[in-house]
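**Student:** Test case, fold it:
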Amino acid sequence: MRLWHEALIEKLPRAQLLGQHRECCALRGKGWAKKHSTVNYVFNYSPYKLFQYHLEVMNEMKIRGYHPDESWFDPLYRGQKCEAYLELKKITQTLPIYPEHNESYLESCRENLKEKGIII
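**Tutor:** Got it, this is the predicted structure:
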């Protein structure tokens, strides 16, 4: 489980981009607040931030001709197996979306991809 640094989203190969979409879906659904060392920081923030991040992933998918389920474009949606949020306070998007996505994290993500044979 990993959320790639958002500066890499538009550069991710197909498999990693689609995997990131699945990861976001899982985290927005039943995976919310289930601890995992690489994504624990996500749970320190409103689920709306995860929606913002997921939106970046889905927009890139659309650019590449993929068709993510339109339901995920609703910030309240949590998948077919979770009740939707009744409300989520809209948060102004920051850059980066998560403060943890700093230069050090960017380099860590690049190294992780490099280990997989992907040079970005």
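**Student:** can you give me the helices in the chain?
**Tutor:** Here the chain has its helices, by DSSP state H, at 14-28, 47-63, 103-115.
**Student:** List of residues touching the last one?
**Tutor:** Defining contact as Cβ atoms under 8 Å, 6 or more residues apart in numbering, one finds that helix 103-115 is touched by 2, 4-5, 7-8, 16, 119-120. Heads up, the C-betas are built off the backbone N, CA and C, glycines and all.
**Student:** The nearest residue to residue 4 once chain neighbours are set aside and residue 116, how far apart?
**Tutor:** Leaving aside its sequence neighbours, residue 4 sits nearest to residue 109 (Cβ to Cβ, 6 or more residues apart in numbering; 5.3 Å). Taking Cβ to Cβ, to the nearest Å as the measure, residue 109 falls 11 Å from residue 116.
**Student:** Drop anything exposed from the contacts of helix 103-115.
**Tutor:** Buried residues within those, counting neighbours by 16 or more other Cβ atoms under 10 Å: 4-5, 7-8, 16, 120.
**Student:** Let me know the closest of the residues you listed to residue 76.
**Tutor:** Distance to residue 76, by Cβ to Cβ, is smallest for residue 4 among the buried ones among the contacts of helix 103-115, at 24.6 Å.
**Student:** Just put the contacts of helix 103-115 in a markdown table and tack on distance to residue 54 and pLDDT.
**Tutor:** Rendered in a markdown table, the data for these read as follows (distance: Cβ to Cβ, whole Å; pLDDT from 0 to 100):
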| residue | distance to residue 54 | pLDDT |
| --- | --- | --- |
| 2 | 14 | 89 |
| 4 | 12 | 98 |
| 5 | 15 | 97 |
| 7 | 16 | 97 |
| 8 | 15 | 98 |
| 16 | 15 | 97 |
| 119 | 26 | 91 |
| 120 | 20 | 88 |
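**Student:** quick one: contacts for residue 85?
**Tutor:** Contacts of residue 85 (Cβ under 8 Å, 6+ apart): 47, 75-76, 78.
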